[in-house]
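Q: let me see the structure of the following:
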Amino acid sequence: MSPRIDSCASLPLVLLLAVSLLACGRVAPPRSPEDMAPQTISDLSATNVAEGIQLSWSRPLTYADGTRMTDLGSFIVECAVGTEPHVAFHRLAVLEVSDRDRFRQVKHFQYVDRDTNAETTYQYRLVSSTLDRYFSTPSNVVTITRRVPGEERHAPLSGTQR
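A: Sure thing, here's the model as predicted:
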């Protein structure tokens with residue numbers, strides 16, 4: 001005579017087996033929020049162009065912990081007027097990144113600040129973020145005085161000319 005299995009008693013066993021099969025897969029160790037932030041941009045540069053001040057920088061390729069980043073979401077451009085070392089920066093623009101699913105992603109970015117005044121000194125920095133809103137630490141700060149290319153600065157003329 002074979003042993004009889006009670007169907008009510010086996011139900012928890014079947015559920016446990018089903019849940020364990022569904023839970024199979026790659027389980028990664030948890031990562032801290034600091035590790036999920038994009039790598040800090042360190043190559044921000046600024047140049048005077050006819051339209052204003054052009055900023056240039058490279059795409060961050062990794063998270064702060066060094067693993068490859070695939071969800072770059074945006075760049076926040078911040079600006080301050082003057083040369084004070086602890087001046088307050090304000091948000092100038094948010095640039096969305098839309099090439100995540102492309103085979104060839106943009107490796108170098110540019111932005112032109114068109115709202116500048118001649119002979120005024122500006123400081124710029126960038127913060128990058130992921131789609132999940134993890135933010136990098138601010139980039140290197142670049143300081144530049146707005147000059148209009150092609151306009152030469154001359155010394156004042158003396159009182160009399162011959």
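Q: same question for stretch 143-160, mean pLDDT?
A: Average pLDDT, stretch 143-160: 70.
Q: please apply the same query to stretch 121-134.
A: For stretch 121-134, the mean pLDDT works out to 96.
Q: residues of it that come out buried?
A: The neighbour-count check on stretch 121-134 (16 or more other C-beta atoms under 10 Å) flags Y122, Q123, Y124, R125, L126, V127, S128, S129, T130, Y134 as buried. Where C-beta positions appear, they are placed from N, C-alpha and C, glycine not excepted.
Q: let's have the residues you listed in JSON lines, adding distance to P60 and secondary structure.
A: Below are the buried residues of stretch 121-134 laid out as JSON lines (distance: C-beta to C-beta, whole Å; DSSP: H, G, I helix; E, B strand; the rest coil):
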{"residue": "Y122", "distance to P60": "23", "secondary structure": "strand"}
{"residue": "Q123", "distance to P60": "21", "secondary structure": "strand"}
{"residue": "Y124", "distance to P60": "17", "secondary structure": "strand"}
{"residue": "R125", "distance to P60": "14", "secondary structure": "strand"}
{"residue": "L126", "distance to P60": "10", "secondary structure": "strand"}
{"residue": "V127", "distance to P60": "11", "secondary structure": "strand"}
{"residue": "S128", "distance to P60": "5", "secondary structure": "strand"}
{"residue": "S129", "distance to P60": "10", "secondary structure": "strand"}
{"residue": "T130", "distance to P60": "10", "secondary structure": "strand"}
{"residue": "Y134", "distance to P60": "12", "secondary structure": "coil"}
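Q: list the contacts for the residue positioned nearest the centre of the chain?
A: Nearest residue to the geometric centre of the chain (C-alpha atoms, centre = their mean): S128, 1.4 Å. S128 sits next to P38, I41, P60, L72, S74, F75, I76, F135, S136 when contact means C-beta atoms under 8 Å, 6 or more residues apart in numbering.
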